[in-house]
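Undergrad: okay, predicted coordinates and the sequence, questions at the end:
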Amino acid sequence: MYLVILISSFSGALVAYHIYYHKRQKKPLVCPLKADCENVVHSNYSKFLGIDLEKLGIFYYSLIFISYLIYQISGFDYLIFDFVLFSLSLLAFLFSIYLTFIQVLKIRKFCSWCLVSAFLSSLIFLNSYFLYRESIVFMAKMLRDITVFVHALSGGVGLGVVLVVDYLFFKFLKDRKIDQREKEVLDHLSDFVWLVLGLIIVSGLFIYFSDMEKYHNSVKFQFKMIAVSILIINGFLMNLFISPKLIDLDLKNLSSYKEKMAIIMGTISFMSWFLSFCFRKN
């Protein structure tokens, strides 16, 4: 399993660099299986927090490769080290699922190299899970204070950022439209919300594993999961159908379907974040 992780992370870094090199040199990206890599890697979804996805891929895969290489060579073994590596692989796995859905549902075109990267990310996570599955509960109990802190902090930050997004959204609409610069600001904040939501999910899972019997029978926990599920679904729909059309919004026609949907989904997002924060785990 260590060998699979090393090979997968090294291959993932090569794939990410391959995409980065062709974009930097402005060379056509040859896409196997008759896919459409060019439109995908140059789409509006090719950046996260303003950073090219291939750069994030190079950083992530290189970090995993170097970490596990040091792990094998030196015998370095600390609980917090295992916890961070497993959490990173889980976050990357969830992110790769999101990006794959973007290709399927929004862009409706596929990048063979991106799918290979998603496959390698999945391999890393699955092997990490099998490596640590017997110690996940132990890690969750020993590091519970850290995960509770991260969970509570992420919930508070997420709620605050959503308030800022809602405020800026209506402020930008004072002139009856949202220009490209304003949309970029909202997009960056939206990406940050997704990052925070990922931290909430990962930290929430560790909290759940720290006392599964307690949380499995907790009504509060069930409400929390409902709120987080609504956040994920609502955020995904907004990112697919509303956010790309923000520049076209015009408050002169309040009966516009997209404007109503933007306001409704924004309200749902705020209420879900509020409930998620109120029902944070103890």
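TA: Structure's in. What do you need?

Undergrad: helix or strand next in line after the helix or strand harbouring Tyr98, which one?
TA: Following DSSP states H and E, one finds Tyr98 within helix 79-101. Next helix or strand after helix 79-101 toward the C-terminus (DSSP H and E): helix 112-132.

Undergrad: quick check: buried residues in that following helix?
TA: Neighbour counts using 16 or more other Cβ atoms under 10 Å place 112-115, 117-128, 131-132 of helix 112-132 among the buried residues. C-betas here are computed from N, CA, C, even on glycine.

Undergrad: now do it: which elements does it pack against?
TA: Applying 3 or more Cβ pairs under 8 Å, 6 or more residues apart in numbering; DSSP states H and E, one finds that helix 112-132 contacts helix 2-24, helix 37-41, helix 53-74, helix 79-101.

Undergrad: how about the following helix or strand past it: buried residues?
TA: For helix 112-132, the following helix or strand on the C-terminal side (DSSP H and E) is helix 136-142. Within helix 136-142, the residues that qualify as buried by neighbour count (16+ other Cβ under 10 Å) are Ile136, Met139, Ala140.

Undergrad: can you tell me the closest non-neighbouring residue to the first one?
TA: Spatial nearest neighbour of Ile136, excluding adjacent residues (Cβ to Cβ, 6 or more residues apart in numbering): Phe209 at 5.6 Å.

Undergrad: which per-residue confidence value corresponds to that neighbour?
TA: As predicted, Phe209 sits at a pLDDT of 87.

Undergrad: so the helix or strand that contains it versus helix 79-101, what angle?
TA: Assigned by DSSP H and E, Phe209 belongs to helix 180-210. Counting by axes from the mean of the first three to the mean of the last three Cα atoms, to 10 degrees, helix 180-210 lies at 130 degrees to helix 79-101.

Undergrad: right, I'll leave it there.
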